[in-house]
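1. output the structure for:
(one chain, ligands or ions: 1)
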Amino acid sequence: MIGKIKVGSCLLIAGLSQLAGAQQTERPNIIFILADDIGYSDLGCYGATKIKTPALDQLATEGVRFTNAYAPASTSSPSRYALLTGEYAWRKNVGILPADAPLTIDPTQTTLPAFMKKAGYRTALVGKWHLGLGEKDVPVNFNGEIKMGPRAIGFDYAYYFPATNDRVPCVYIENDRVVNWDPADPIQVSYRKKVGNDYTGRDNPELLTLKPHLGHDATIVNGISRIGWMDGGKKARWKDEDMAQVLLDKAKSFINEHADTPFFIYYAPHNAHEPRVPSPVFQGKSAAGIYGDVIEEFDFCVGEIVKMLKEKGIYENTILIVSSDNGPMVKEGYKDGALENINGHDPFGGLRGQKYSLHEAGTRVPFIFSWPDKVKSPFVQKQNFTYLDMLSTFAGMLELPITIEEANDTRDGSRLFLQADAPKYREYIMMQNNGGQIAIRKDNWKYIPATRNRGAELYDLSTDPSELRDVMMAYPEQVAELKKYVERDYKK
Ligand code: CA
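-> Presented below is the predicted three-dimensional model:
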């Protein structure tokens, strides 16, 4: 009798815990993959023919491909700031951060990872950070614990590089410590003057495997001179040709370890930012030179993530989003032959501008959404969207309550992800350049307000997608309406 009761209770407990497990795993995992400097037309599914991106094309074919999705800004730090905080970066004057900037995100404010963590997710950053480290006026000590970074704003786990792949220190940080740090070889970093005795691109150009084009001529790491000087940390320094694989492996390990609990991963590879140094497998692989090679390497990484999700049996219930932090720039810091060997590939898809610009190619980016459990009929979403809105949009998708304070500048665009003809979700899209000047997209109109140095511009993207004909004079009523939004909402 007693035995029977015992067996019964055990079964009951087992049954309950299975039920709890099932409820937990119903929450979809989320992976937001943010490429660096990949342009609107750099992927096959967005028109590229000389760059092969089969993994991304398949995601787009089976999911949702946005044709009017915008990065919040035309450069790195402000776009990333807006994604992770749900706040316009111009409110805090965030432009491209110097490598020694303090942590830009206030740890007390709501962030996307903190919001997901509160909802029961395990959260991780893998890849590029570029949002500052440490406290104001206290230089970061790369030989100790680096507390004020990704883990202070809601990431449980972080494996990242501090700023950009063309800046020192060329090291990875795992959680709070530099990976492979050697006490016998302490790290020193400066952006103002030379530190240590390492060779520099300026003084010893004969040692370079990649010649700098603009600046980028300080300490040589792995045959490439960087922005800024560093000394020490020889064992910790990365090899550019290994970076994609190192970061991919960390993202895959996190998926592997957390396949049973809902996870949120912000995976931010360095591709296709300069210096462009893919692994040997991808060197010379594309038909668009080195420019295409690093994009094909990025596609491979996305494919490996998909493969891992399928192996774990969690692909169907994972939200996978792929986008880019800003538009493309073919020739910037290094003489890598990208422009010379691009072989007719058009990264801009006929749009005007590039990285840094308020014209379309600066911020209109590829944006692909996959969630096989919910998207049964794939479609192309042509409506305007900005990924500034991910905080409210994920809340909408997951039916999580969100307060007005938490939502900050974001609006819930989740219906666009499941329905091509969803109602318009916000009045207009606002994008910014590195200096915090803005442009507005409303329906087919694109308005760039006047600044001290230039007059206002208005374009009708339905007839003039390349922004070649300024129609300010022809549509005074449109201008008045758009100007009203700027005066109401943009308080720099
Ligand atoms: Ca970028």
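
2. nearest residue to the residue of the stretch 201-350 of the chain found nearest the ion in space, please, no chain neighbours.
-> At 4.2 Å from the ion, Asp325 is the closest residue in the stretch 201-350 of the chain, using C-beta to the ion. No exception for glycine: its C-beta is placed from N, CA and C like everyone else's. Closest residue in space to Asp325, ignoring its immediate chain neighbours: Ser79 at 4.4 Å, by C-beta to C-beta, 6 or more residues apart in numbering.

3. any idea which element that neighbour lies in?
-> helix 76-85 (DSSP states H and E).

4. average model confidence for that helix?
-> Across helix 76-85, pLDDT averages out at 98.

5. just checking, next helix/strand downstream of that helix?
-> Note on helix 76-85: by DSSP H and E, the next helix or strand toward the C-terminus is helix 112-118.

6. in this protein, which helix or strand is least confident?
-> Scoring the helices and strands of the chain by mean pLDDT, DSSP states H and E places helix 2-26 at the bottom, with a mean of 44.

7. need the residues that contact the helix holding Ser79.
-> Residues from elsewhere that reach helix 76-85, judged by C-beta atoms under 8 Å, 6 or more residues apart in numbering: 32, 34, 36, 71-73, 87-90, 92, 94-97, 104-105, 109-113, 128, 130-131, 153, 164, 266, 268, 325-326, 387-388, 390-391, 408-409, 432, 434, 436.

8. quick one: secondary structure of Gly132?
-> Classification of Gly132 by DSSP: H, G, I helix; E, B strand; the rest coil places it in coil.

9. report the contact partners of it.
-> Here Gly132 is in contact with 97, 101-105 (C-beta under 8 Å, 6+ apart).

10. give me the subset of the residues you listed touching the ion.
-> Applying C-beta under 5 Å from the ion, the subset of the contacts of Gly132 adjacent to the ion is empty.

11. got those as a markdown table, with distance to Ser357 columns?
-> Listed next are those as a markdown table, based on distance: C-beta to C-beta, whole Å:
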| residue | distance to Ser357 |
| --- | --- |
| Leu97 | 19 |
| Ala101 | 23 |
| Pro102 | 28 |
| Leu103 | 28 |
| Thr104 | 23 |
| Ile105 | 25 |
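
12. just to revisit the earlier point, now the buried members of the contacts of helix 76-85.
-> Buried subset of the contacts of helix 76-85 (neighbour count, 16 or more other C-beta atoms under 10 Å): 32, 34, 36, 71-73, 87-90, 94-97, 104-105, 110-113, 128, 130-131, 153, 164, 266, 268, 325-326, 387-388, 390-391, 408-409, 432, 434, 436.

13. ok so, going back, and the residue of the stretch 201-350 of the chain closest to the ion, how far from Gly201?
-> Distance, Asp325 to Gly201, by C-beta to C-beta, to the nearest Å: 26 Å.

14. again, but for Ser76
-> From Ser76 over to Gly201 the distance is 22 Å, taken as C-beta to C-beta.

15. could you report the pLDDT at Asp100?
-> On the pLDDT scale, Asp100 is placed at 84.

16. how many neighbouring residues does it have?
-> Asp100 has 19 neighbouring residues, counting by other C-beta atoms under 10 Å.

17. nearest spatial neighbour of it, skipping sequence neighbours?
-> Tyr191 (5.6 Å).

18. what number of residues lie near whichever residue of the chain sits closest to the ion?
-> Residue nearest to the ion within the chain: Ser76 (3.8 Å; C-beta to the ion). Per other C-beta under 10 Å, the neighbour tally for Ser76 reads 26.

19. one more: Glu487?
-> Counted with other C-beta under 10 Å, residues neighbouring Glu487 total 10.

20. surely it forms part of a strand?
-> No: looking at Glu487 with three-state DSSP, it is helix, so not inside a strand.

21. in terms of helices and strands, where is Pro169?
-> Pro169 belongs to no helix or strand, assigned by DSSP H and E.

22. please parse this protein into its domains.
-> 27-427, 443-492 (automatic domain parsing).

23. which of these sits most buried?
-> domain 27-427 (a mean of 20; mean count of other C-beta atoms under 10 Å).

24. ok now that one, how far from the chain's centre?
-> The gap between where domain 27-427 is centred and where its chain is centred comes out at 3 Å by C-alpha atoms, centre = their mean, to the nearest Å.
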